[in-house]
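S.K.: Have a look at this prediction, sequence included:
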Amino acid sequence: MQRNVIPVTRRAASRALREARRSWKIQYMDSSASNALARASLARAIATEDEHAHAWSLLTIGHHNMRYVAPADGLALLESARQMFDKMGDRRGLIVSTVGIARCWWMQSRNREALDLLLPLRAEGLSELVEEERGMLLNGIAGCYSMLGEPAQAFAYMYQALRESSPARDHGFDVVLYCNISHELILLGDCEEALIYVNEGIERCGHVNNPRLMGVLLLNRMTCFTDLARANEALPDLYSLLAMPANVDGRGATNPSFEQMALTALRAGDVNLGDSLIERAHATMTEDVRADEALELTIARSEVARLHGDIAGSLLLLAQSQPLPAAGLGLRVRCLFFQALADGHERCGNAAEALQSLRIWQTAHLERSHMASQARHQAASLKTELMRLQRQRDAIDARHRSTEKARSELEVAHNKLGQKMLQVESVEGSVKEEAVRDGLTDLFNRRHLGDVLPGMLALARRNNWALAVAVIDLDRFKMVNDEYGHLVGDIVLKSFAALLLAQLRKSDVVCRYGGEEFCVLMPRTTTTQGRRKIDGLLKEWRAVRLFADDKVLGQQTFSAGVAESLAAGGGDESADALLKRADDCALLAKKAGRNCVLGENQGLTAGLQVP
């Protein structure tokens, strides 16, 4: 559907607009300064009738209120900001305000609505937004999947959000990701691994002024220790949280989590503190309380009743919570509940009921472990990427301290990261059924090609780059399968995949297109440059010697076609059309006798025919 977008007039930014955008940029680095600057810019914008500054100020204040006051307070301001951005035709502002609205929704347990709001904006957001804003969009989608109980999807989007966090411009967004990764690991029951991330996040948060973020990190570490049956070690974090007021001047009034703190205090043996925290939890819970929070409060109340000697009352509190809500309840709290219920029945001598509750707990625990297993490869990718990002930042900091040359090197690092962004995958559907890697060659698969090519094409157009696409078809591969069998055919495919990875740049995206076909996406590359690169690859492939039953296979060759984005002449060509042009060239190369590379509107590479 075509949008009627009013072009945004390019003019010098007013003082109010500069202040508003500055307040938005530092929201994670210094939340109080960000809020104060946004309110000052809002007053100036109203006085000068500056609509752009007005909208950006509301955007920042709305996000601040969502975190520090209540989701409903933030939602009203964010909806006003979105209306203003829409009226002005500012797609960037409209998208980031929509991200904030979706976050308010899932904080109000409207998880599916929030996800349905964000997913259609993903492709446009990756093209229109800048740096951390892209990360905010992807992290928002990750949060929706997390609340819907799909950790593999949540990890995948957090990984992509991390790739958008520039090592050269540290605005504090990476601390948010450390916090969210640790939270997701806690939900999956991997608290030992979660401690690694939360400790790193707390250390990094010491360099920013963001009480809300520090409070959530401390809460995550407290929960880790409690779930690991080390509640005594969680007490220092509990006391630190109590020293931070749960209001706008402290760690925020949104989700104060007194019920989690109460459970920690009780399991550490401080019954009086647990009692008082339960009272505070009752006093601060609102009508839109999440199911997890309400049930964890019930578990804490049951535990305090047991500690006061009321065994029957303790069990009754749990029994009255059944049946549990069908939606909005995570596996962590479900496991806590049925473990407490089994213990309660056992203390009351109800052996059959205790066994039944224990079986339900075991089923939930196994499901939790299975989900953790599914998400483990995503967590490993996240860990590797975090280490890579940290190494880049450490190197940049060292250069900055030693020489003025650091400014240019910083820009180089940023440009390199920009190339890496071209490889970001857009995860669709179930990770279990639609993995982005080909199982045989470990190259990206055709689905990933379909996800990433539109974004790379949009980025190339925005920067006026050439994006070259090569389609490669291994010659006479069916004969290899027929004569030597599929095991030997698999060896040929894996050998060619290894050659591709060894010879091509890290910024090139290599996919198994299907069967014996492969596709290579080469950013900042013309048809001529791409053909030369694939031609060199063909020479290397011809030199490879492969064996089957101690016999040398015949010489390996392929036919390939190369096309580029700029050759289309316009800016409206689809990714599928660009891919088809390269595929057509590969077909012509095949018809021309195989063992050659054909560039679109160019001749065949010479002298490559096999005698």
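M.R.: All right, it came through fine. Numbering: from 1, shown residues only.
S.K.: What is the neighbour count of residue 550?
M.R.: 5 (other C-beta atoms under 10 Å). (Each C-beta comes from the backbone N, C-alpha and C, glycine too.)
S.K.: check contacts around it.
M.R.: By C-beta atoms under 8 Å, 6 or more residues apart in numbering, residue 550 lies in contact with nothing.
S.K.: gap between the nearest residue to residue 351 once chain neighbours are set aside and residue 367?
M.R.: Sequence neighbours aside, residue 345 is the residue nearest to residue 351 in space, at 7.7 Å (criterion: C-beta to C-beta, 6 or more residues apart in numbering). The spacing between residue 345 and residue 367, counted by C-beta to C-beta, to the nearest Å, is 22 Å.
S.K.: Comparing these two, which residue is more hemmed in?
M.R.: Using other C-beta under 10 Å, the more surrounded residue of residue 345 and residue 367 is residue 345, with 21 against 14.
S.K.: Could you list the domains of this protein?
M.R.: Listed by automatic domain parsing, the domain ranges of the chain are 165-422, 446-599.
S.K.: Kindly reformat those domains as CSV containing distance to residue 133 and mean pLDDT.
M.R.: Below are the domains of the chain laid out as CSV (distance: least, C-beta to C-beta, whole Å; pLDDT from 0 to 100):
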stretch, distance to residue 133, mean pLDDT
domain 165-422, 9, 82
domain 446-599, 15, 90
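S.K.: Any chance of these in JSON lines with distance to residue 79 as columns?
M.R.: What follows is the domains of the chain, written out as JSON lines (distance: least, C-beta to C-beta, whole Å):
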{"stretch": "domain 165-422", "distance to residue 79": "17"}
{"stretch": "domain 446-599", "distance to residue 79": "28"}
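S.K.: Nearest to residue 89, out of those domains?
M.R.: domain 446-599 (17.6 Å; C-beta to C-beta).
S.K.: Endpoint to endpoint, that closest one covers what distance?
M.R.: End-to-end distance for domain 446-599: 22 Å, by C-alpha to C-alpha, to the nearest Å.
S.K.: which ones are touching the residue nearest to residue 351?
M.R.: Counted by C-beta under 8 Å, 6+ apart, residue 345 has contacts 315, 351, 353-354, 357.
S.K.: The same query, at a cut-off of 10 Å, please.
M.R.: 315, 318-319, 351-358 (C-beta atoms under 10 Å, 6 or more residues apart in numbering).
S.K.: ok but it is inside a helix, no?
M.R.: Yes. Membership of residue 345 in a helix is supported by DSSP: H, G, I helix; E, B strand; the rest coil.
S.K.: so residue 37 sits right up against residue 29, yeah?
M.R.: No. Counting by C-beta atoms under 10 Å, residue 37 does not reach residue 29; the two are 11.7 Å apart.
S.K.: Look at the two and report which has more neighbours.
M.R.: Set residue 37 next to residue 29 and count neighbours by other C-beta under 10 Å: residue 37 wins out with 22 against 17.
S.K.: which residue packs closest to the more buried one, ignoring adjacent ones?
M.R.: Once flanking residues are discounted, residue 37 sits nearest to residue 23: 3.9 Å by C-beta to C-beta, 6+ apart.
S.K.: thought the one you found was touching residue 41?
M.R.: Yes. The criterion here is C-beta under 10 Å, and residue 23 meets it with residue 41 at 6.2 Å.
S.K.: Quickly list what's touching both of the two.
M.R.: 56-57, 60-61.
S.K.: could you say which helix or strand contains the residue nearest to residue 37?
M.R.: Per DSSP states H and E, residue 23 falls inside helix 15-25.
S.K.: try residue 525
M.R.: Residue 525 is part of no helix or strand when elements are defined by DSSP H and E.
S.K.: cool, and residue 259?
M.R.: Per DSSP H and E: helix 258-267 holds residue 259.
S.K.: Helix or strand next in line after that helix, which one?
M.R.: helix 271-284.
S.K.: What is that next one packed up against?
M.R.: Here helix 271-284 touches helix 231-242, helix 258-267, helix 291-307, going by 3 or more C-beta pairs under 10 Å, 6 or more residues apart in numbering; DSSP states H and E.
S.K.: let's see it at 8 Å
M.R.: For helix 271-284, the elements it packs on are helix 258-267, helix 291-307, judged by 3 or more C-beta pairs under 8 Å, 6 or more residues apart in numbering; DSSP states H and E.
S.K.: Please identify the most buried of the ones you listed.
M.R.: helix 258-267 (a mean of 26; mean count of other C-beta atoms under 10 Å).
S.K.: elements contacting it?
M.R.: Going by 3+ C-beta pairs under 8 Å, 6+ apart, helix 258-267 lies up against helix 211-227, helix 231-242, helix 271-284, helix 291-307.
S.K.: Single out the most deeply packed of the ones you listed.
M.R.: Per-stretch averages of neighbours, counted by mean count of other C-beta under 10 Å, single out helix 211-227 among the helices and strands packed on helix 258-267, with a mean of 24.
S.K.: between that one and helix 258-267, how big is the angle?
M.R.: 40 degrees (axes from the mean of the first three to the mean of the last three C-alpha atoms, to 10 degrees).
S.K.: chain center to helix 211-227, what's the gap?
M.R.: Relative to the centre of its chain, helix 211-227 is centred 21 Å away, using C-alpha atoms, centre = their mean, to the nearest Å.
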